[in-house]
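Engineer: Quick one: sequence and predicted model below, then my questions.
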Amino acid sequence: MVIMNNSSYSKNLSLMTELYELIQANGWLLSGKGEEIAYFDLYFRKVPDKGGFAIFAGLSQIIDYINNYEFKEENLEYLSTQGCSDEFIDYLRNFKFTCDIWAVPEGTPVFPNEPLIKVRGPIIQAQLLETVLLVFMNQQSLIATKANRLVRAAKGTNVAEFGTRRATSFDGAHFGSRAAYIGGCVGTSGLRQSKTFDIPSINTMIHSWVEMFDSEYEAFCEYARLYPDNCTFVVDTYDTIRFGVPNAIRAFNDVLKPMGKRPVSVRIDSGDITYLSKKVRKMLNEAGYPDCMITASNSFDEYIISDMVSQGAKVDCFIAGERLINSASSPLFSGVYKLCAIEKDREIIPKINLSENVSKINTPHSKKFYRLFDCDTGKAIADVLTLYDETIDESKPYTLFDPDFTWKRKEVENFVAREMLVPVFVGGKYIYSEPTVNEIRDYCSEQIDTLWEEVKRFENPHSYYVDLSENLWKIRKELIEKHKGV
């Protein structure tokens, strides 16, 4: 077993699935299909907040889950009461993971309907992965995507994640902090998350400290005496301009200055923060504290932050909580896990799931996933899904075409084609060299820089091209024609 140093999650999650997954697996075993090879794609259908792209996250926890996957005896006893046969219970007792898994690296900007994780293996094993893969991918990709929207709205001003107390669950807080950091936040208030994932922890004063003392000035002085090297005051407990900032400056002068120390920051948590921050900045500068930062908190999202920045708010760090950790404006990530092929006698047979809802029709077959980059600008041109045995020749012009509106075609040249899916497990053996969360965060920032600004707009972003190779498109079209009259 491989234990991931930066993300180990000690819970046994073998029962974190739906009953029907196990009942189907039980049926496959009893019908003799359990060892037949299947291919699954994990992808998503819509970008949250009607954005131009999402950020893939959660792979580290998926790896940790698979490396520690086992059914304990008490779980097997429970399954025997839920319609699972003795043969299937014995299969789970001796479970050995043998699947191949490919995935895009965490932190990659991604688009609807392209495979983020590809699984090949015995149908029982591949199917049993579905629920937990989606749980980790959906939640962390959602929060990483939302965090990056806030970070881009801040236009270079720091954004910190303070959502631990606002999350809807322990896991939501724990892994949400990691995802927010990948998305670009500078740190978290959550201490356990900071320790587990090596994320910078960020401190602040809270209002109850001020209220415990007879006066705001006394509260500030005592805090400054106790924490002279990390002195930060919340200045809006009573009145930011009339009392809070003057009392803070007085405490700086009376306690910190004689010690040769400088304050770290003041925090504003209410009122018209754009207006107040300008006044506070002027007061601090005139008092000789231009290096004292102003942090701000008050249910921020990307639109509020963007407005504040455009209006000249003098904020050095935005603190985001409930609207970030729960992605309040768009709290669902539309990840799905679909069978796309089976393998018989070493032949890969494509499979398709038709639907009355056209958007739910999947792309069949075992696939590769390429991203094309312009050699001159370094910008991403388009993504292309091909058959597993196709290669895009960079030395020749390549024709892109819209799989739905096929008359829309574009010939590209002078490009680099990068395969986006990398091997993570081969024959059940973990082979991936996992980056640290800081490396993932840096990679995410670098990859977002490869997107055109039009794709990054909050309102009506440009639709990035996710195309099919002509061979893959023909197979999809043939399968639709074959099955639509069934």
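Structural biologist: Sure, I can see it.
Engineer: where exactly do the strands run in the stretch 51-200 of the chain?
Structural biologist: 54-55, 100-103, 109-110, 117-122, 158-161 (DSSP state E, counting those that start in this stretch).
Engineer: With distance to A382 and mean pLDDT as added columns, please give these in a markdown table.
Structural biologist: Where C-beta positions appear, they are placed from N, C-alpha and C, glycine not excepted. Below are the strands of the stretch 51-200 of the chain laid out as a markdown table (distance: least, C-beta to C-beta, whole Å; pLDDT from 0 to 100):
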| stretch | distance to A382 | mean pLDDT |
| --- | --- | --- |
| strand 54-55 | 17 | 98 |
| strand 100-103 | 20 | 98 |
| strand 109-110 | 13 | 98 |
| strand 117-122 | 20 | 98 |
| strand 158-161 | 30 | 98 |
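Engineer: highest average neighbour count across these?
Structural biologist: Burial of the strands of the stretch 51-200 of the chain is given as mean neighbour count (mean count of other C-beta atoms under 10 Å); strand 54-55 ranks first at a mean of 26.
Engineer: circling back to that earlier point, is it possible to export the strands of the stretch 51-200 of the chain to a markdown table including distance to V422?
Structural biologist: Formatted as a markdown table, the strands of the stretch 51-200 of the chain follow (distance: least, C-beta to C-beta, whole Å):
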| stretch | distance to V422 |
| --- | --- |
| strand 54-55 | 17 |
| strand 100-103 | 6 |
| strand 109-110 | 14 |
| strand 117-122 | 10 |
| strand 158-161 | 28 |
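Engineer: Out of those strands, which is closest to Q311?
Structural biologist: The closest of these to Q311 is strand 158-161. By C-beta to C-beta, the value is 17.1 Å.
Engineer: so what does that closest one touch, helix or strand wise?
Structural biologist: Helices and strands touching strand 158-161, by 3 or more C-beta pairs under 8 Å, 6 or more residues apart in numbering; DSSP states H and E, are helix 130-154, helix 170-182, strand 317-320.
Engineer: tell me which residues in the last one are buried?
Structural biologist: Going back to what we said before, that points to strand 317-320. Using 16 or more other C-beta atoms under 10 Å as the test for burial, strand 317-320 gives 317-320.
Engineer: what's the answer for the second one, then?
Structural biologist: Residues of helix 170-182 classed as buried by neighbour count (16+ other C-beta under 10 Å): 172-182.
Engineer: how distant is that helix from the center of its chain?
Structural biologist: 9 Å (C-alpha atoms, centre = their mean, to the nearest Å).
Engineer: The last one too?
Structural biologist: Per C-alpha atoms, centre = their mean, the displacement of strand 317-320 from the mean C-alpha position of its chain is 19 Å.
Engineer: quick one: contacts of that strand?
Structural biologist: Residues outside strand 317-320 that contact it (C-beta atoms under 8 Å, 6 or more residues apart in numbering): 147, 150, 154, 157-163, 185-186, 204, 265, 267, 293-297, 300-301, 305, 308.
Engineer: returning to what we had before: and the buried residues of strand 317-320, which is closest to E222?
Structural biologist: Closest approach to E222 among the buried residues of strand 317-320 (C-beta to C-beta): I319, at 23.4 Å.
Engineer: Who does the closest one form a beta bridge with?
Structural biologist: Counting by DSSP bridges, I319 is bridged to A160, S297.
Engineer: per-residue confidence for it?
Structural biologist: Listed pLDDT for I319 reads 97.
Engineer: returning to what we had before: quick check: which of the strands of the stretch 51-200 of the chain is nearest to E434?
Structural biologist: Closest to E434 of the strands of the stretch 51-200 of the chain is strand 100-103 (C-beta to C-beta; 10.9 Å).
Engineer: Which strands border that closest one, and is each parallel or antiparallel?
Structural biologist: Strand 100-103 has its sheet partners listed here by DSSP bridges as strand 117-122 (antiparallel), strand 422-426 (antiparallel).
Engineer: Following element in sequence after the shortest one, please.
Structural biologist: If you walk from strand 422-426 toward the C-terminus, the next helix or strand you reach (DSSP states H and E) is strand 429-430.
Engineer: Just checking: what are the partner strands of that next one?
Structural biologist: Partners of strand 429-430 in its sheet, by DSSP bridges: strand 422-426 (antiparallel).
Engineer: The residue of the chain positioned farthest from its centre sits in which helix or strand?
Structural biologist: Going by C-alpha atoms, centre = their mean, the residue of the chain most distant from its centre is P258, 46.1 Å out. Here P258, judged by DSSP H and E, is contained in helix 257-259.
Engineer: quick one, phi/psi of M293?
Structural biologist: Main-chain dihedrals, M293, degrees, to the nearest 10: phi -70, psi 160.
Engineer: In terms of pLDDT, where does it sit?
Structural biologist: M293 is given a pLDDT of 98.
Engineer: same check, this time on M4
Structural biologist: Reported pLDDT for M4: 41.
Engineer: And for S359?
Structural biologist: Predicted confidence (pLDDT) for S359: 81.
Engineer: Report the contact partners of it.
Structural biologist: Per C-beta under 8 Å, 6+ apart, neighbours of S359: R45.
Engineer: What of E161?
Structural biologist: Listed by C-beta under 8 Å, 6+ apart, the contact set of E161 reads 147, 176-177, 180-181, 185, 187-190, 320-321, 324-325.
Engineer: okay, now the nearest residue to E470 once chain neighbours are set aside: neighbour count?
Structural biologist: Spatial nearest neighbour of E470, excluding adjacent residues (C-beta to C-beta, 6 or more residues apart in numbering): F401 at 7.4 Å. Neighbourhood size, F401 [other C-beta atoms under 10 Å]: 18.
Engineer: I figured F401 hits K408, correct?
Structural biologist: Yes: F401 lies in contact with K408 (C-beta atoms under 8 Å); the separation is 6.4 Å.
Engineer: per-residue confidence for S14?
Structural biologist: At S14, pLDDT is 87.
Engineer: What of S10?
Structural biologist: The model reports S10 with a pLDDT of 49.
Engineer: Kindly report the same for the one 10 residues further on.
Structural biologist: What the model reports as pLDDT for Y20 is 94.
Engineer: Could you give the number of residues near it?
Structural biologist: If you count neighbours by other C-beta under 10 Å, Y20 ends up with 8.
Engineer: Just the element for it, please.
Structural biologist: helix 19-30.
Engineer: Show the low-confidence segments of this protein, by residue range.
Structural biologist: 1-11, 485-486 (pLDDT under 70).
Engineer: Can you tell me the centre-most residue of it?
Structural biologist: Centroid-nearest residue in the chain: S141, 2.6 Å away (criterion: C-alpha atoms, centre = their mean).
Engineer: on that earlier part again, could you identify the helix or strand that succeeds the helix holding P258?
Structural biologist: Next helix or strand after helix 257-259 toward the C-terminus (DSSP H and E): strand 265-268.
Engineer: Find out how far that following strand is from the centre of the chain, if you would.
Structural biologist: 29 Å.
Engineer: Tell me the helices and strands packed up against the following helix or strand past that strand.
Structural biologist: Downstream of strand 265-268, the next assigned helix or strand under DSSP H and E is helix 273-286. When contacts are defined as 3+ C-beta pairs under 8 Å, 6+ apart, helix 273-286 sits against helix 245-251, strand 265-268, strand 293-297, helix 302-310.
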